[in-house]
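A.B. asks: quick one, what's the 3D model for this:
(2 chains)
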Amino acid sequence: MALTNEIIKQRLTEKFGEQVSNFEEPYGMLTFEAPKELNLKVLNFLYDDEELKFRFMTDLCGVHYPDNKGKELAVVYHLHNMVDNIRIRFKVFTDIDQPDIYTATGLFSAANWMERETYDFYGVNFVGHPKLKRILNVDEMDYFPLRKEFPLEDQTRVDKDDEMFGRG
Amino acid sequence: MSEQHIKLPEGSIEKTTTTLNLGPTHPATHGVMQNVLELDGERIVSTEQTIGYIHRAFEKIAERRPLYQITTLTDRLNYCSSPINNMGWHLTCEKLLGVKTPKRVDYLRVIIMELSRISDHLICNSIVGVDAGAYTGFLYVMQYRELIYEIYEEVCGARLTTNMGRIGGFERNFNNIAFEKIEKFLKEYPKVLKEFENLFQRNRIFMDRTKGTGAISAERALNYGFTGPNLRAAGVDYDVRVHTPYSSYEDFQFNIPVGTTGDNYDRWLVREQEMWQSLSIIEQAYQKVQEFKGTDADVFHADVPEYYLPEKADVYTKMEALIYHFKIVMGETDIPAGEVYNAVEGGNGELGFYLISDGGRTPYRLHFRRPCFIYYQAFEELTKGAMLSDAIMTMSSLNLIAGELDA
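C.D. replies: From the prediction side, this is the model:
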């Protein structure tokens, strides 16, 4: 029997009960949340379970929701079960003042650089990561540029001399 | 010379390995990336990759741009096959907006995407040849990449960073010159590809250089998140075009070539075979496009007035067209709130777009899943204990594109 979103949801709630929450299906992809302490347990369960077999990490990235107090930063995992060809999206949220999340590098080697990228842009501290340092930005940078408190330059500003760039 | 003038770092006399910087600008990297190699003689003890030299913060820039302006950012990801990135982005937007494109648009897109797959693989395979010391093949096939670029030029006016197509279809219909050039390509290219194959495929020197080097097992490749030709070379038949067909790929007959060992030679072979498959897909798509007659043959975009620019003549004479034109150009159309992940089979593997919209005029967050970035981390494992010259071959056969690495 082919794996469906319903079955995945059922298996997850059987295993984790109330702790996995906010099940949604935007554009057909099952999306859910779990507390950040549980992220490895959930990933391991999805990986090991004989029925679920989510053994391919497609993507890992961060999102910043500044108005979501206490849960400002999200880490989004996209997992893929290649046998049944079904994808899911799994989110964990963390406080921006103490953004510690367990690393998934033990399970997926692919997570290594993607976690470094997330750290680089959002400052999520992946606990247990073998080498958590900046990857795309310079090492000396002291802020996390993709957070929402850093707006892009205002295109209408007038205090800058742009003559050399043809915009003066 | 007195002793004080010779200053060696602490421990450098006792050190038995050599540190070698490969890159950031080095003929073998074919892009801007750095590898710091620790060498014991000519064997590689460890490598450390440094990337980010051409990081342009596309994800941040995209947070302030309306959808149609992001297409130009996607051009610059994998610049060897820009049209695939463009189409992938349009397909993502269309998925978010719920736009259904006409069949003819899908087929035209398939033609363009497969042409760019050929140009991408052609570069990669001929560069593997160049790194093995065979320059002839590279110069020979370059003429046909040129022909592909001429087709792009007829379709959208640009060659490398194409900005091709719009949400809903193409900005204009393909003209006759474009179709003639596609026909010319279909007619002449098979012979060229065959000859290119003859230069390399059973060439003793080339085989000795590539066989058994840079190999990866299927399990490790999956664990490392490999996709595309590199994963298929390891023996996993995963292809986005088949697993989640987009742009009517389900209407075409084609095979997914797979390798067995995942080494440089298999990667080369898989790309070579994929070019034959792409060629057959283009032929089929071209046939299908020719079957549209009369007014059907004039269809080149879907009806999405809120995102597709109206005819210029209408803008001057009709009220609605003027309003839509203004709203689109100024980017004042609010996009629906939602979260969407859409993937296409890029030149290097699964190129994914993860778009979060909060209902504003621009994406709230846009993340590019860049296959290159993900599989380059395996480079250390692939080259550990190998010779330096093998590492060069591995680097080029992985098809590392700096634009895609750094985003």
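A.B. asks: return the residues of the stretch 51-200 of chain B in contact with chain A.
C.D. replies: Within the stretch 51-200 of chain B, the positions near chain A by CB under 8 Å from any CB of the partner chain are B:51-52, B:55, B:57, B:59-61, B:63-64, B:95-96. In this view, the C-beta of every residue, glycine as well, is placed from N, C-alpha and C.
A.B. asks: what's the burial count for the closest residue to B:Leu309 other than its chain neighbours?
C.D. replies: Nearest non-adjacent residue to B:Leu309, counting by CB to CB, 6 or more residues apart in numbering or on different chains: B:Ile328, 5.7 Å away. The tally of other residues near B:Ile328 (other CB atoms under 10 Å in any protein chain shown) stands at 21.
A.B. asks: again, but for B:Asn175
C.D. replies: Around B:Asn175 there are 11 residues (other CB under 10 Å).
A.B. asks: equivalent analysis for the one 5 residues further on, please.
C.D. replies: Counted with other CB under 10 Å, residues neighbouring B:Glu180 total 12.
A.B. asks: can you tell me the element it falls in?
C.D. replies: In this structure, B:Glu180 is located in helix B:176-200 according to DSSP states H and E.
A.B. asks: run through who's touching whichever helix or strand comes after that helix.
C.D. replies: Next helix or strand after helix B:176-200 toward the C-terminus (DSSP H and E): helix B:204-210. With CB atoms under 8 Å, 6 or more residues apart in numbering or on different chains as the test, helix B:204-210 has contacts from B:128-129, B:132-134, B:200, B:263-265, B:268, B:389-390, B:393, B:397.
A.B. asks: those residues in helices, which ones?
C.D. replies: B:128-129, B:200, B:264-265, B:268, B:389-390, B:393, B:397 (DSSP state H).
A.B. asks: from these, which is closest to B:Phe226?
C.D. replies: B:Ser397 (12.8 Å; CB to CB).
A.B. asks: for the closest one, what are its contacts?
C.D. replies: Applying CB under 8 Å, 6+ apart, the residues contacting B:Ser397 are B:124, B:128, B:210, B:214, B:264, B:267-268.
A.B. asks: now it: how far from B:Pro363?
C.D. replies: Counting by CB to CB, to the nearest Å, the separation of B:Ser397 from B:Pro363 is 35 Å.
A.B. asks: same question, B:Gly352
C.D. replies: Relative to B:Pro363, and taking CB to CB, B:Gly352 is found at 14 Å.
A.B. asks: flag every residue of chain A that's near chain B.
C.D. replies: Near chain B, when you scan chain A using CB under 8 Å from any CB, you find A:26-27, A:29, A:31, A:55-59, A:61, A:63-64, A:76, A:78, A:82, A:85, A:87, A:89, A:108-110, A:112-114, A:117, A:121, A:134-138, A:145-146, A:150, A:152.
A.B. asks: tell me the pLDDT at A:Met164?
C.D. replies: A:Met164 carries a pLDDT value of 68.
A.B. asks: also B:Gln4?
C.D. replies: 65.
A.B. asks: list the residues that contact the closest residue to chain B within chain A.
C.D. replies: Using CB to the nearest CB, A:Ala110 is the residue of chain A that sits closest to chain B, at 3.0 Å. Counting by CB under 8 Å, 6+ apart, A:Ala110 makes contact with A:57, A:60, B:223-225, B:374, B:377.
A.B. asks: run the last query once more with 7 Å
C.D. replies: A:57, B:223-225, B:374 (CB atoms under 7 Å, 6 or more residues apart in numbering or on different chains).
A.B. asks: can you tell me which of those residues lies closest to A:Leu3?
C.D. replies: Using CB to CB, these come closest to A:Leu3 at A:Met57, 17.6 Å.
A.B. asks: any chance you could map the helices in chain A?
C.D. replies: A:5-16, A:39-48, A:111-122.
A.B. asks: out of the ones you listed, deepest packed?
C.D. replies: Among the helices of chain A, helix A:111-122 has the highest mean neighbour count (mean count of other CB atoms under 10 Å in any protein chain shown), at a mean of 25.
A.B. asks: which helices and strands sit right next to it?
C.D. replies: In terms of contacts (3 or more CB pairs under 7 Å, 6 or more residues apart in numbering or on different chains; DSSP states H and E), helix A:111-122 is packed against strand A:56-64, strand A:125-127, helix B:371-376.
A.B. asks: so what touches that helix?
C.D. replies: A:57, A:60-62, A:64, A:73, A:75, A:103-105, A:124-126, A:129, A:132-137, A:144-147, B:373-374, B:377.
A.B. asks: show me which of the residues you listed are buried.
C.D. replies: A:57, A:60-62, A:64, A:73, A:75, A:103-105, A:124-126, A:129, A:132, A:134-137, A:144, A:146-147, B:373-374, B:377 (16 or more other CB atoms under 10 Å in any protein chain shown).
A.B. asks: in the host helix or strand of B:Ser126, what counts as buried?
C.D. replies: Element membership for B:Ser126 (DSSP H and E) is helix B:103-131. By 16+ other CB under 10 Å, the buried positions in helix B:103-131 come out as B:103-131.
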